[in-house]
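**Q** I would like to see how this sequence folds:
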Amino acid sequence: MMFMSLHIVVAAVVMAHILLRPHRQPESRAAWLVLVLTLPYAGALAYLFLGQTNVGRRRVERLKAAFHTLPPPSQAPGWPGAPQAPNRHEALFAVGRSISGYTPVGGNTARLMEDSNAAIDAMIADIDAATDHVHLLFYIWLADRNGTKMAEAVQRAARRGVACRILVDDLGSRDLVRGPLWRDMAAAGVEARRALVIGNPLKRALTGRIDLRNHRKIAVIDNRITYCGSQNCADPDFLPKAKFAPWVDVLLRFEGPVVRQNQHLFASDWMGNGGSDLASLLRRPLEHFPEECETRQNEEIDGNSLAASAPGFTAQVVATGPTFRNSAMPEMFETLIYAAKRSLFVTTPYYVPDAAMQAALCACANRGVDTTIVFPARNDDFAVAAASRSYYADLLDAGVRIFEYEAGLLHAKTLTVDGEIALIGSANMDRRSFDLNYENNILVEDAGLTATLRARQETYLAQSRQILSEEVASWTIWRRLWNNTLAIVGPVL
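**A** Next up is the predicted model:
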């Protein structure tokens with residue numbers, strides 16, 4: 001009798017918490033309720049560890065305080081102000097501003113890196129030329145060839161008096177922080193910190209969910225240059241999961257006022273994770289504007305087209321995470337999808353959408369927009385791969401063209417709209433990026449840069465296989481059962 005009473009009390013308390021917790025999608029509530037009703041004790045324990053998106057009260061206070069108390073980029077002397085974006089795109093930037101407060105700013109230029117190795121080499125060249133500071137934030141930093149080269153460049157910069165601050169995710173870069181490279185950087189004078197430190201996992205679970213991660217990839221050098229994209233600090237061979245290699249990424253090197261927005265985001269993460277106060281850095285005059293943002297029409301730089309209209313294009317940082325507005329990242333994605341009138345091209349390695357995003361993509365194709373999405377053929381996460389394929393049939397029925405990239409793991413997270421708008425960054429189209437990870441992206445309005453990025457997207461098609469409705473319809477009942485079962489797990493996680 002006592003056991004039955006305990007059973008009822010545990011189930012009732014956990015179910016009440018599931019029903020009362022704010023900002024939870026109905027399908028997520030339903031999935032957790034089924035789990036708790038089926039396995040009351042295991043389900044309650046799973047909910048304790050994985051059912052909430054709380055990073056801990058004190059961490060929330062530090063992260064929010066750092067972001068909101070730092071002087072915004074617009075307070076820097078010489079700030080150019082927000083340009084008037086074309087009316088048809090104004091709403092897109094309004095959504096971005098509502099999420100993280102950054103205004104769209106003009107006067108930016110960008111260069112698309114040729115590949116992952118070239119991206120690391122370009123960052124190292126900029127670090128070697130740095131005179132004031134180097135700020136790096138990576139979810140994953142490996143002690144492989146590229147990771148070691150980057151660490152050595154940072155050490156060289158620190159030894160010549162450049163202020164070097166390194167922030168890495170405690171889980172994603174766990175091997176680095178336990179190894180000699182981490183100690184070598186500290187010995188050279190580099191300030192190195194870990195984001196979202198786990199510590200004792202059991203104790204940590206009592207104060208917040210342990211798998212909430214800082215998934216951002218940010219580099220800022222001398223308040224003048226920033227990098228944004230999907231690139232971690234690692235070789236494309238990616239030794240921890242070498243059988244899926246090469247990892248194929250997209251990275252853009254930006255100059256102009258948008259750099260200061262990435263600087264603000266890095267500073268808030270740095271201070272929110274216990275780093276020194278960087279407010280004075282954000283109050284420095286804005287340099288290199290607009291003289292270095294001259295008109296460049298279809299100029300070829302390192303084999304890449306860089307086209308921009310004087311004095312540069314409009315861009316905006318869009319930052320999301322558990323301490324930002326709920327469901328901000330899917331809202332940004334869905335707004336861009338619904339804005340498409342002629343073409344929409346998406347690449348994402350991880351696709352576990354909510355119902356609204358799946359509906360947005362289907363509606364895009366149904367209204368006649370040329371809609372293409374490219375996934376990796378072999379995904380490093382078997383559950384995500386299966387869940388993604390559970391959505392293929394409905395996408396194909398709506399007219400979405402689906403391709404699977406076969407020349408490695410396509411890790412690039414890119415979205416282009418109508419040849420005019422592009423979004424690049426760290427966010428995937430999955431529930432981790434929607435609710436659990438801290439992400440950084442840059443929204444761009446520029447026909448030249450969008451064309452350059454679209455050309456890169458097109459190269460992926462040459463190494464991809466198109467998935468047709470007939471193939472999906474021929475899948476065995478067991479494969480469909482597997483895919484659909486794992487798709488149900490998505491809302492739980």
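**Q** From here on, just use CA atoms for contacts and neighbour counts.
**A** Noted.
**Q** ok, and L361, which helix or strand is that part of?
**A** L361 is part of helix 355-366, with elements assigned from DSSP states H and E.
**Q** so after that helix, what's the next helix or strand?
**A** Next helix or strand after helix 355-366 toward the C-terminus (DSSP H and E): strand 370-376.
**Q** partners of that following strand in the sheet?
**A** Using DSSP bridges, strand 370-376 pairs in its sheet with strand 343-347 (parallel), strand 401-405 (parallel).
**Q** where's that strand relative to the chain centroid, distance-wise?
**A** Its chain's average C-alpha position is 18 Å from that of strand 370-376, according to CA atoms, centre = their mean, to the nearest Å.
**Q** And for stretch 134-145?
**A** Offset of stretch 134-145 from its chain centre (CA atoms, centre = their mean): 15 Å.
**Q** Repeat that for stretch 314-323.
**A** That offset, for stretch 314-323, works out to 9 Å (CA atoms, centre = their mean).
**Q** cool, and stretch 160-173?
**A** Distance, centroid of stretch 160-173 to centroid of chain: 18 Å (CA atoms, centre = their mean).
**Q** Endpoints of it, how far apart?
**A** Using CA to CA, to the nearest Å, one end of stretch 160-173 lies 26 Å from the other.
**Q** Need the contact partners of it.
**A** Stretch 160-173 is contacted from outside by 130-142, 154, 157-158, 177, 189-198, 213-215, 270, using CA atoms under 8 Å, 6 or more residues apart in numbering.
**Q** same thing with stretch 251-264?
**A** For stretch 251-264, contacts defined as CA under 8 Å, 6+ apart pick out 67, 70, 72-73, 79-80, 102, 105-113, 115-116, 119, 218, 220, 223-231, 282, 286, 288-290, 293, 315-317.
**Q** Skip the chain neighbours and tell me the closest residue to S276.
**A** Distances taken as CA to CA, 6 or more residues apart in numbering place W270 nearest to S276, at 7.4 Å, with adjacent residues excluded.
**Q** How about V317?
**A** Distances taken as CA to CA, 6+ apart put I442 closest to V317, at 4.5 Å, once the chain neighbours are dropped.
**Q** show me where the stretch 101-250 of the chain has helices.
**A** Applying DSSP state H, counting those that start in this stretch to the stretch 101-250 of the chain gives helices spanning 116-128, 145-159, 174-177, 180-187, 201-207.
**Q** And the second one, what does it pack against?
**A** Right, helix 145-159. For helix 145-159, the packing partners by 3 or more CA pairs under 8 Å, 6 or more residues apart in numbering; DSSP states H and E come out as helix 116-128, strand 163-169, helix 180-187.
**Q** Out of the ones you listed, which one sits most buried?
**A** Highest mean neighbour count among those (mean count of other CA atoms under 10 Å): strand 163-169, with a mean of 23.
**Q** would you put the C-alpha positions of that strand in CSV?
**A** Presented in CSV, the C-alpha positions along strand 163-169 are these (Å, rounded to 0.1, in the frame of the first residue of the first chain):
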residue,chain,number,x,y,z
ALA,A,163,45.3,40.5,-24.6
CYS,A,164,44.1,37.0,-25.5
ARG,A,165,40.9,35.6,-24.0
ILE,A,166,39.7,32.1,-24.8
LEU,A,167,36.3,30.6,-23.9
VAL,A,168,35.4,27.0,-24.7
ASP,A,169,32.4,24.9,-23.8
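**Q** And the pLDDT for W32?
**A** If you check W32, the pLDDT there is 67.
**Q** still on that earlier bit, which one of the helices of the stretch 101-250 of the chain lies closest to G448?
**A** Of all these, helix 116-128 sits nearest to G448, with 20.3 Å by CA to CA.
**Q** between the closest one and helix 145-159, how big is the angle?
**A** Angle, helix 116-128 to helix 145-159, by axes from the mean of the first three to the mean of the last three CA atoms, to 10 degrees: 10 degrees.
**Q** hmm, who's touching helix 116-128?
**A** Counting by CA under 8 Å, 6+ apart, 113, 134, 146, 149-150, 153-154, 156-157, 221, 231, 233, 235-236, 248-251 sit against helix 116-128.
**Q** any low-confidence regions in the stretch 51-200 of the chain?
**A** Scanning the stretch 51-200 of the chain for pLDDT under 70 picks out the ranges 51-57, 81-87.
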